[in-house]
Each structure stands twice: as C-alpha cells, then as structure tokens.
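Trainee: Take this sequence and fold it.
(chains A and B)
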Amino acid sequence: MKLGTLTVAAIMAAAPAMADLVIPDLSYRTGPYAAGGIPFSDGYQDYFTLLNERDGGIGGEPIRLIECETGYNTEKGVECYEATKGEGSLVYQPLSTGITYQLIPKAEADGIPLHTLGYGRTSAVNGAVFNNVFNYPANYWDAASVAVNYLLEQNDGSLDGKKIALVYHNSAYGKEPIRTLQVLGEKHGFELTEIAVDHPGQEQKSQWLQIRRDRPDYVIMWGWGVMNQVAVQEAANIRYPMDQFIGNWWAGAEHDVIPAGAAADGYLSLNMNTINPDYPIFGEIREHVVDAGLAAGDGSNLGSVLYHRGMYAAMLTAEAIRKAQEIHGVTDITPAMMRDGMEALEVTEATMESWGAPQIGPVFSVSCENHGGSGEGIVQRWNASEQRFEPLTGFISPDAEVIAPLVEEDSMAYAAEAGITPGCAEPS
Amino acid sequence: MLYREAGDFKTSYGEDNQTFPIRFDRRAYWVLLVVAAVVLPFLVTDYWANAFLVPFLIYAIAALGLNILTGYCGQVSLGTGGFMAVGAYSSYKLMTAFAWMDMVTVTILSGVITAIVGAAFGLPSLRIKGFYLAVATLAAQFFLVWLFNRVGWFYNYSASGQINAPERTLFGLEITGPNTEAWAQYLFCLFFVVILAWVARNLTRGTVGRQWMAIRDMDIAAEIIGVNPLRAKLTAFAVSSFFVGVSGSLFFTVYLGAVEVGEAFGIQKSFLVLFMVIIGGLGSIFGSFAGAAFLVLLPVVLKIVGVDLLGWPTDIVAHLNLVVVGGLIVFFLVVEPHGLAQLWRLTKEKLRLWPFPH
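Mentor: Reported below is the predicted structural model:
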C-alpha cells in the first residue's frame, strides 16, 4: 500500500514535464562492467545536458534525461524499461547485448525504437524484419570483418595458413562474431581457434596458457568490463606481442590497458569513432556543462574513449530527433516519429562539423534495407607513454559480400521464429 | 483483540490440523487470495507486473523449492540457479520442438525434467553431508551452466547462444511473447504459485514431510526409527527441483522472454534464492513468500525512494542496496536465525494477547 502511494507520488512528481523529449539512459555504474558503463553514460548525458544548456534542447524542445541503473543485469534492464517507457521515452540505448535481446520484441510491440550502437543483434541491420531496431554505424560482424581486413592488409592480402585465436566473453555478446569469423576463415584460409572466457572474466590463466602453447599469429578479443584488463595483463605476462593482439571496439579503452602499464604499449583495438580530445565540442562541454557543475558522474571521464562513444551515440540520437522534427514538422515528437527520423538519418562530413566533432565517425545514411550504417571501423594503437590511443588507420570497410548473406539468413530465421512478415514500416 | 481463539472450537481432527487454526487467519487468507486473483488483475500495469509482481511470484516458487530441500530436509544446495536453467531450457526445447503443446503442460513437464536432473544430482547426498554437499551442488550449478552454454543443441544452434520464448497462447490469450497483457502474465504465475504452495504445505505436514524433517534433525536417529534416507533425500531433491524447475521455466517464458544462461542463471541466482530462504525463514512456507517479497521489493522500493523521490545518483542507490541486503543477512543470522517467518510468528503471539499482555 505504502509502495503504491510512493509510485503514485513519483508519477505525480514527473507528470508536469510530459511535453519534453524524454531520453532514458539505461546505464550501469555498478558491477563488473561499470568501468565501461560510467564513461559511456557520462558522455551520453553530458551531450544532452549541453544541448539543453546551450541551445535550450533540440528544436526548442527541452530534453529530459531519465537515468536508470541496470548493473548490466537483464532483470533490472527490463524493470528500467517498464519504469521509463510510460514517460514517453523516444529511444533506448541499453549498452548491453543481453538487455538488447530482451528488449527487441518488447520494443517492437510497444513501437519504441532501440538504438544499439555497435552492439546488440547484428541482423537488426535488416530493417524490414527489425522495424524498430537500429544498430548504425557498425555492428559486430562488421567489426570482425574490419579486423580481418586490417590483418589482410598487414599480410599483403593473404592470411592463408595463419592461426587466429578469438578470445571471447562467453555470452551472446562474445559469441556474435564467431559465425562471421568462421566464414571469413574459410574464405581467406586462416585457422580459427575459439577460446571462451566466462563472465565476468577475472580468471583467464588457462585461456592464456592455451594461447601460449598454440602460439596463434593473431589474437582477436571480444571482451567487456573487467575481462579486458585481465586479458591485456595476461597477454603481457606470457609476452604475447601486443601488435598481434586486437580487441574489438568494446575492448579498447584507457581503463583496459592502463593496469598493465608499459607492457600494454602497442595494444591494438578497433574503434567505430575517432578519438580526439581536441574536438571543439569538448570546449563547449567544459564551458556549459562541467564548469556549470552539471556534469554526469564525477566529470573525470571527459575525453576518454568511451566518453567519446557515449557522446557520439548522443549526437546520432540528437541528429535523428532533428530529422524526425523536420519530417513531421513538429518539435514534440513521439517514439514513432523518432523511428522515422532514425530511418531517414544521414550523417555527412558537414553534419559532424556542425556537431563540433569533425570526422568523429564514418559518413553513412540509414534506410529501411540498411539499419546498420556503413559498418566501417578504424584500428587504434595504445601509446603507454602518452596514455592515449592513437589512430593507426583510416576507416576500413567490412566485407559486405560475406556479411550480407549472414544478415539475410539470421534475420529471416528470426522472422520465422517470431512470426514476422518482413516489410518496411510505413512512416507514421 | 485481532487474534482471538476464544469461541473458536474445534470438534474434529480435521479442524484441529488445518493450516490456519485461527479463524482470523483463515479469513485473512481467503481475502488475500480473492484480492490477488480477482482484484489485482484489474489494477496491474506493465510496470507493476514486470518490476515486482511476476518476479515475486516466480521467486516465491523457487524459494519454496529450496526451502523444501534446505529448510525441511536439511540438505544445503547452491545449485538453484543451475536447476532453474534446466527448467528454462526444457521449456525452450519443448516449446520449439512441440509447437502445439500448451503452456501449462510445458511448464509442468519442465518441472518434471528438472526433478529428474535434480534427483540425479541428489545422489551424492547419500554419502556426503553439510559443506561437502554444498560443494557438490555448487559443481552442479557450474556444470549445468557450462553445459547450456557449450552444447548448441540446447539453444537450437542460434548464433548468440540466447534462447527466446516464442509466442504461445492459452485459451486464445497470449501467455508468452512481447504482446502478453500484464494481467495474463500475472494470473498465469499466480495459478502455479497457489497450486504449488498448497502442494508444498500438504507435503510438508504429511508423511513425506515428517521424514524430511526427521532426516534434517538427525539422520542416524531417523534411520533407526525406520525412515529410509535414500527415499527421503531423493524425494526432497526431486520435489525441490520440480519447484525450482517450474520457477525457472516461468522465469524464462513468462517473465524475461529471452535469457542467456550465464547471466540469468549464474551463481548469483543460487545465492539470491538462498538469501530469500534465509531471510524469509528456513522450514516455513510463509517464510518463502516473505523472503521472496522482501528481496524482490527491496531494490524497487529503494530505487523509488532514493532515485525518484530523493533524486540521489543511481549508482549510490544501487550500492546502498548491496549494503542493505548484506547488512540484513548478517542481522538475521545473528538476531533472528528463523527469519521473517519467526518475526511474524512472534507478532502473532503478541497480537493474540494484545491489549492484555497477562
């Protein structure tokens, strides 16, 4: 009874602000994945705070952020989703592949778009099956292909007879690239060894012993949270050459490599956005958000790799809101309008310039047939003496020839399982 | 005043042995049941169902199951998460292999499969006791999770290793899948909770339950008076696993709809259910409910009070939750080892005398 009263009180308190653009932030600042969750969430929130402070929101409509702690736990994720969906939430970014899988059918049923930037279910690229799910600018299969393309480039176009080990988080997230890497292995003639690391990944002695024994030519890692730093440390312990060790874009942030100290120097990782702490946007965030005391968290993550990514996610969201406002000619948009905005999203060099972050990501456009963007990624290298990741390459394209049939196959399997007739959604 | 036995005469053995010997309790029970089954379905929203009602009901079944094994039969188990996973994966395989099967059958069959698995893992309990048995069940926990992660057949070889509950209806109403109405979800779980709680109550006060308790209190003495330890322990494992399997099945099909075994059914889950039993009260049906309600509601209440009303940062509230749960477990172990059920019992004793304590 008391709880009921409290809920009612909470809803009453929230009610007057219904006309805002509501952005829920399903963050995780606790648990074994907090090290990655905190900077991402800080970046995501700070950018929206900046828009509120500097421009008064988007198109004159203020943004209301609702933060909800998931702890990377699917049950809490569902609770957060249910708690916030009634507030008119425009788009969900759960930053967890597990929660994404949970929310895909719910979001379809409720008509709320889901943006899973570089994670989640890869076959959501097929917008005819996944009307409300977007995973631009890139996904896991792209990442696997980008990594292999980078290695091809390093080896004069041939990986024949090479041994590549995949160290992966033993979850839906870590298992995503396996199929793609297997197909790529057949195509390019490399031998793939799959080495699983169980959640949360604090113990990896046996995995790295196996790597030490097998001596693969390259190690690709699909890690997150505490698993990354342990892996980098273990790689350093067995003196595995860091320039042959490539993490995906969730395994390439400062906190992953700093604990291993100088031994981590030269560690490679993918990235879907460029890292440049000198972007003009950071000056504005400092001026309008940090100095005003409005920064999310403790404000110490400004400019870190995952802060960049969270901010990039927020920029793409804000751009989609602008697009939706433009299409429908209203500023107070609904989730259905937001979906249309996301499907019509176009990011050009000029767009990124206007965000104050030129060349932060690839140039891409979204359509019903392709919810996944261009799929390009860069390779970055850790410089331990300067404590920063430096870009090693420009944006590398994935092998669409391999990925497109896999997407088709997996999305059609989902459509059959869930009883969906593939077809593009009509704009609302 | 509230609790009065005066004038409440019992004229038959049946009346003397009933679950709620006091008229007030009996009435309160029926009122609660009517409210839960008739009134609540009209009030329940998506948030209420998914944030606490459905998880509470599902965890209550799991806690009942563990309570039968640990509280009534004295066999410590840390394998609850693994057995819930057996229930969930059984439902998934049944739902995908036999699309025509209705959800009640699926749920019950999942429970039966889990009971068989549980009894198999219960075999070592005949030779090992206490801590050693806890370690053996811990092995079951890790083995089962590893198995479901490793063998593709269990997740139909899907790329991600996730299992997704397909849409199923009962009497034309959706029970699983994203379009399920909150009240249908809630009523489906409530149905199982009421039936299973009734079964648990009647099992524990009958011959089987007395055998379990005899084994719990002193197994050698029990054997001397003629209790067959093999039968008693294995039935406890089987019945307990049946309950846990049903809860795992509902957890996957009705509540979450998609699970990943390591994340949803890891060791954390085993501990969570064990804490529910400890906080609720070992060897008490009411305790299973109280413990489940407490641990499901606590984070939600803390969140509503901390984040929504007081505006505290979300991470502080999440940490506070850990501190509070940890503190409460220590508190209960020290101050009231019999848990919330004992507190309730004491309250009732006091209320029977109140307002004249002498």
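
Trainee: all helices of chain A, in order?
Mentor: Along chain A, the segments classed as helices by DSSP state H run A:2-14, A:34-50, A:74-85, A:97-110, A:140-154, A:172-188, A:205-214, A:226-237, A:254-257, A:280-285, A:305-328, A:335-343, A:349-355, A:400-418.

Trainee: Out of these, which is closest to B:V239?
Mentor: Checking the helices of chain A against B:V239 by CB to CB gives helix A:74-85 as the closest, at 26.2 Å. Every C-beta, even on glycine, is put in place using the N, C-alpha and C of the backbone.

Trainee: which helices and strands does the closest one pack with?
Mentor: On a contact count with 3 or more CB pairs under 8 Å, 6 or more residues apart in numbering or on different chains; DSSP states H and E, helix A:74-85 meets strand A:21-27, strand A:63-69, helix A:97-110, helix B:46-48, helix B:261-264.

Trainee: what would the ones you listed look like in CSV with mean neighbour count and mean pLDDT?
Mentor: Shown next, in CSV, are the helices and strands packed on helix A:74-85 (neighbours: other CB atoms under 10 Å in any protein chain shown; pLDDT from 0 to 100):
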stretch, mean neighbour count, mean pLDDT
strand A:21-27, 25, 91
strand A:63-69, 21, 90
helix A:97-110, 24, 87
helix B:46-48, 20, 85
helix B:261-264, 26, 85
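
Trainee: These: which one's closest to A:W208?
Mentor: helix B:261-264 (20.1 Å).

Trainee: Who are the packing partners of the closest one?
Mentor: helix A:74-85, helix B:80-97, helix B:130-150.

Trainee: where does the stretch 151-300 of chain A come near chain B, residue by residue?
Mentor: Within the stretch 151-300 of chain A, the positions near chain B by CB under 8 Å from any CB of the partner chain are A:170-173, A:175-176, A:178-179, A:196, A:198-199.

Trainee: the strands in the stretch 51-200 of chain B, which residues?
Mentor: B:163-164, B:169-170, B:173-174 (DSSP state E, counting those that start in this stretch).

Trainee: List the neighbouring strands of the first one plus their orientation.
Mentor: The one in question is strand B:163-164. For strand B:163-164, the paired strands and their directions (DSSP bridges) read strand B:258-259 (antiparallel).

Trainee: Rounded mean pLDDT for the strand it pairs with, please.
Mentor: In this model, strand B:258-259 carries a mean pLDDT of 87.

Trainee: Can you name the residues in contact with it?
Mentor: A:74, A:101-102, A:104-105, B:88, B:162-165, B:251-252, B:265 (CB atoms under 8 Å, 6 or more residues apart in numbering or on different chains).

Trainee: got it, and stretch B:317-335?
Mentor: A:29-30, A:69, A:71, B:275, B:278-279, B:295, B:298-299, B:302-303, B:306-307, B:339.

Trainee: Now intersect those with the helices, please.
Mentor: Counting by DSSP H, the contacts of stretch B:317-335 contribute B:275, B:278-279, B:295, B:298-299, B:302-303, B:339 to helices.

Trainee: restrict those residues to those near chain A?
Mentor: Within the ones in helices among the contacts of stretch B:317-335, those near chain A by CB under 8 Å from any CB are B:299, B:303.

Trainee: which of the ones in helices among the contacts of stretch B:317-335 are buried?
Mentor: Buried members of those, counted by 16 or more other CB atoms under 10 Å in any protein chain shown: B:275, B:278-279, B:295, B:299, B:302-303, B:339.

Trainee: farthest pair in the residues you listed?
Mentor: Once CB to CB is applied, these give B:K303 and B:G339 as the farthest pair, at 24.0 Å.

Trainee: picking that back up, the helices and strands packed on helix A:74-85: which one's closest to B:L66?
Mentor: helix B:261-264 (17.0 Å).

Trainee: Pull the CA coordinates from that closest one and hand them back as PDB.
Mentor: Only the C-alpha atoms of helix B:261-264 are listed here, as PDB (Å, rounded to 0.1, in the frame of the first residue of the first chain):
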ATOM      1  CA  VAL B 261      22.300 -18.900 -19.200                       C
ATOM      2  CA  GLY B 262      25.400 -17.400 -17.600                       C
ATOM      3  CA  GLU B 263      23.900 -14.100 -16.900                       C
ATOM      4  CA  ALA B 264      20.400 -15.200 -15.800                       C
END
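
Trainee: What lies in contact with it?
Mentor: A:73-75, A:98, A:170-171, A:198-199, B:85, B:88-89, B:145, B:148-149, B:161, B:251-252, B:256.

Trainee: Likewise for stretch A:380-389?
Mentor: A:242-243, A:252, A:254, A:257-258, A:261-271, A:275, A:277, A:305, A:390-392.

Trainee: Sort out for me which of these are in strands.
Mentor: A:268-271, A:390-391 (DSSP state E).

Trainee: out of those, which is most surrounded?
Mentor: A:S269 (29 neighbours; other CB atoms under 10 Å in any protein chain shown).

Trainee: Farthest-apart pair in the ones in helices among the contacts of stretch B:317-335, please.
Mentor: B:K303 and B:G339 (24.0 Å).

Trainee: Up against chain A, what does the stretch 201-350 of chain B have?
Mentor: B:255-260, B:262-264, B:266, B:297, B:299-301, B:303-305, B:307-309, B:313-315, B:317-319, B:322.

Trainee: what stretches of chain B score poorly on pLDDT?
Mentor: Applying pLDDT under 70 to chain B flags the ranges B:1-2, B:357-358.

Trainee: Kindly recompute the last result at 50.
Mentor: Along chain B, no part satisfies pLDDT under 50.

Trainee: And chain A, what are its domain boundaries?
Mentor: A:15-139+A:275-374+A:407-418, A:140-274+A:377-406 (automatic domain parsing).

Trainee: any idea which helix or strand of chain A has the worst average confidence?
Mentor: helix A:2-14 (a mean of 46; mean pLDDT, DSSP states H and E).

Trainee: Could you list the low-pLDDT ranges of chain A?
Mentor: A:1-17.

Trainee: again, only this time at 70
Mentor: Using pLDDT under 70, the flagged stretches of chain A are A:1-19, A:428.

Trainee: quick one: which of the residues of the stretch 151-300 of chain A next to chain B is nearest to B:N17?
Mentor: A:H199 (48.2 Å).

Trainee: Return the distance of stretch B:204-224 from the chain's centre.
Mentor: 22 Å (CA atoms, centre = their mean, to the nearest Å).

Trainee: how about that stretch: buried residues?
Mentor: B:204, B:208-209, B:211-216, B:219, B:222.

Trainee: In helices, which of these fall?
Mentor: B:204, B:208-209, B:211-216, B:219, B:222.

Trainee: which of the contacts of stretch A:380-389 are buried?
Mentor: Buried, going by 16+ other CB under 10 Å: A:242, A:252, A:254, A:257, A:263-265, A:267-271, A:275, A:305, out of the contacts of stretch A:380-389.

Trainee: now, which of those sits nearest A:M221?
Mentor: Among these, and counting by CB to CB, the member closest to A:M221 is A:S269, at 8.3 Å.

Trainee: got a list of what that closest one touches?
Mentor: The contact partners of A:S269, taken as CB under 8 Å, 6+ apart, are A:246-249, A:251-252, A:379-380, A:382, A:389.

Trainee: switch the cut-off to 6 Å
Mentor: Neighbouring residues of A:S269 by CB atoms under 6 Å, 6 or more residues apart in numbering or on different chains: A:247, A:251-252, A:380.
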